[in-house]
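Engineer: have a look at this prediction, sequence included:
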Amino acid sequence: MVASKIMVAYDESDHSKKAVDWALKMQESLGTAIEVVTVLPPMGSPFIYENQPLSLLDLRESQKKCAVEALEELRQKCEAAGRTITPIVLEGSVADSLLKHSEKSGADLIVTGTRGKGGFTGLLMGSIAQKLVTYAKIPVVVIK
């Protein structure tokens, strides 16, 4: 199977950076399109209290801005190396958002790191990677 579009799950962890590197090597040899997708998980309560110095909405906007900036920096780095990626920021349940986006975008392959920024570093494979492997309708490559 030759993938024409690869979706890479990205959270700035070392493993997700290796996943991007792997996808870029595929792009170099096959001319594959790459989407690098970051998902901002749910914030919790949508309520804003007057006595809070920073509302949850402000916090979310700050998180989104940081994610966009990180992806833009990655895009520019790839562009300088002669590679093209499409950066995407989603919000919601991480695994569900990645699975839905892979279907909607027409990706042929999902690439993810073994471990993300979450805890439990002793586990062999992170919960997001495990869900992608289990529920994706397309092949998933997990990079160590």
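Structural biologist: Done, it's in.
Engineer: the longest strand anywhere in the chain - contacts with which helices or strands?
Structural biologist: Under DSSP state E, the strand in the chain containing the largest number of residues is strand 33-40. Contacts defined by 3 or more CB pairs under 8 Å, 6 or more residues apart in numbering; DSSP states H and E place strand 33-40 against strand 5-9, helix 14-30, helix 56-80, strand 86-91, helix 94-105. Heads up, the C-betas are built off the backbone N, CA and C, glycines and all.
Engineer: any chance you could list what contacts the first one?
Structural biologist: To tie it back to what came earlier, the one meant is strand 5-9. Contacts to strand 5-9, defined as CB atoms under 8 Å, 6 or more residues apart in numbering, come from residues 16, 19-20, 23, 26-27, 32-37, 39, 85, 98, 101-102, 105-113, 116, 128-129, 132.
Engineer: now it: mean pLDDT?
Structural biologist: Averaged across strand 5-9, the pLDDT comes to 97.
Engineer: helix 56-80 and that one, what's the angle between them?
Structural biologist: Angular relation of strand 5-9 and helix 56-80 on a 0 to 180 degree scale: 130 degrees, by axes from the mean of the first three to the mean of the last three CA atoms, to 10 degrees.
Engineer: how far off centre is strand 5-9?
Structural biologist: With CA atoms, centre = their mean, to the nearest Å as the basis, strand 5-9 stands 8 Å off its chain's centre.
Engineer: over to the third one?
Structural biologist: In terms of CA atoms, centre = their mean, the centre of helix 56-80 is found 12 Å from the chain centre.
Engineer: output the contacting helices and strands for it.
Structural biologist: strand 33-40, strand 86-91.
Engineer: export the ones you listed to JSON lines and tack on mean pLDDT, distance to residue 2 and mean neighbour count?
Structural biologist: Below are the helices and strands packed on helix 56-80 laid out as JSON lines (pLDDT from 0 to 100; distance: least, CB to CB, whole Å; neighbours: other CB atoms under 10 Å):
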{"stretch": "strand 33-40", "mean pLDDT": "96", "distance to residue 2": "12", "mean neighbour count": "22"}
{"stretch": "strand 86-91", "mean pLDDT": "96", "distance to residue 2": "19", "mean neighbour count": "17"}
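Engineer: dump those to TSV, plus distance to residue 76.
Structural biologist: Output for the helices and strands packed on helix 56-80, formatted as TSV (distance: least, CB to CB, whole Å):
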stretch	distance to residue 76
strand 33-40	12
strand 86-91	10
